[in-house]
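Trainee: fold the following for me, if possible:
(one chain, ligands or ions: 1)
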Amino acid sequence: MLERIRIVLIGTSHPGNIGAAARAMKTMGLEQLSLVAPRCDGITPEAIARASGADDILERATLHDTLEPALTDCRWVVGASARSRHLPWPLCSPREFSARLPGEMQDNKSTVALVFGREDKGLTNDELQRCHTHVHIPTSSDYSSLNLAAAVQVLAYECRQAFLATQTGPSDALPGSAYPFGVEWDNPLANHADTERFFEHLERTLIDIGFHDPGNPRQLMARLRRLYMRSRMDVMELNMLRGILTRVDRLQNSATRPTDQDEGSH
Ligand code: SAH
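Mentor: A predicted model of the protein is given here:
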């Protein structure tokens, strides 16, 4: 289970934090590290020194220019956030995160991503809106921002607790966590890449039919994202929605296509 949890660090500016995050991961048995557009030289001698024996994690870390390729195969994307944002989003505590984890990973192919932001300004709204859920580590109300690697440590610890709970026996370890919905689901959940393609299609169609004005977006796409991310679409549901959009596209095209008469009048 732990090998299918990916720690994603976006825009990290201190190599030491990358090394310390790798060390935090290794102590808890996590293996997958992805670095997205680091704002430093990445795996420097300082990073290796701070990894202090977890350099194998650094060696195997993947490097990406953008967030998308780091999430492609993920079915549950969780963003670690130090503060609350303008548009409320599903939010859990580290404990709730760890209680949900085994159910989320029950399908043996599911990868879970835990996304962490920049030391100075965290995650952008756009990045946060690509997450199903946000997780906030409760802190003193005076000061809510942990060091990046410390935040990785806390959540990696919760991953380990979830894993240990699965080792103590199937019956008593996971009450009510058979799947995110509490029952054995009939279809696999949609992964990140397919979900993003659906949002692109939805946006395009809403623009075409004149429902969405990109010049005056009024958080429409953010709110629709929140709706669909909250519902955890499975692959069948996502295909149905794509099918509906394709049908709308076709009707829209035939409605806006000039008729013979129109063409004649030009
Ligand atoms: N100054 C930034 C905090 C950056 S700390 C801000 O205000 O957003 C770097 C990263 O560590 C954050 O983006 C987040 O992913 C993680 N982090 C720090 N404190 C956290 C907390 N209390 N709960 C969850 N994640 C936290």
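Trainee: where do the helices sit along the stretch 51-200 of the chain?
Mentor: Taking DSSP state H, counting those that start in this stretch as the criterion, the stretch 51-200 of the chain carries its helices at 55-60, 68-71, 94-104, 125-128, 148-167, 170-173, 192-208.
Trainee: give me the contact list for the second one.
Mentor: This points to helix 68-71. The contact list for helix 68-71 (CB atoms under 8 Å, 6 or more residues apart in numbering) reads 6, 8, 34, 36, 62, 64, 77, 113, 115, 130, 192-193, 196. Bear in mind the C-beta positions are built from the backbone N, C-alpha and C, glycine included.
Trainee: need the contact list for Asp213.
Mentor: Contact partners of Asp213, counting by CB under 8 Å, 6+ apart, are Ile207.
Trainee: picking up where we left off before, the helices of the stretch 51-200 of the chain: which one's closest to the ligand?
Mentor: Relative to the ligand, the nearest member of the helices of the stretch 51-200 of the chain by CB to the nearest ligand atom is helix 148-167, separated by 3.6 Å.
Trainee: would you mind measuring from the most centrally placed residue in the chain to Leu30?
Mentor: The centre of the chain sits closest to Val77, judged by CA atoms, centre = their mean, with a distance of 2.5 Å. When CB to CB, to the nearest Å is applied, the distance between Val77 and Leu30 equals 16 Å.
Trainee: packing partners of the longest helix seen in the chain?
Mentor: Here the longest helix in the chain is taken by residue count, with DSSP state H as the criterion, and it is helix 235-256. Helix 235-256 makes packing contacts with helix 192-208 when contacts are defined by 3 or more CB pairs under 8 Å, 6 or more residues apart in numbering; DSSP states H and E.
Trainee: in the helix it packs on, what's buried?
Mentor: By neighbour count with 16 or more other CB atoms under 10 Å, helix 192-208 contains the buried residues His192, Asp194, Thr195, Glu196, Phe198, Phe199, His201, Leu202, Glu203, Thr205, Leu206.
Trainee: next, count neighbours for the closest residue to Gly117 other than its chain neighbours.
Mentor: The shortest distance from Gly117 to any residue that is not its chain neighbour, by CB to CB, 6 or more residues apart in numbering, is 3.6 Å, and that residue is Leu123. Using other CB atoms under 10 Å, the number of residues around Leu123 comes to 23.
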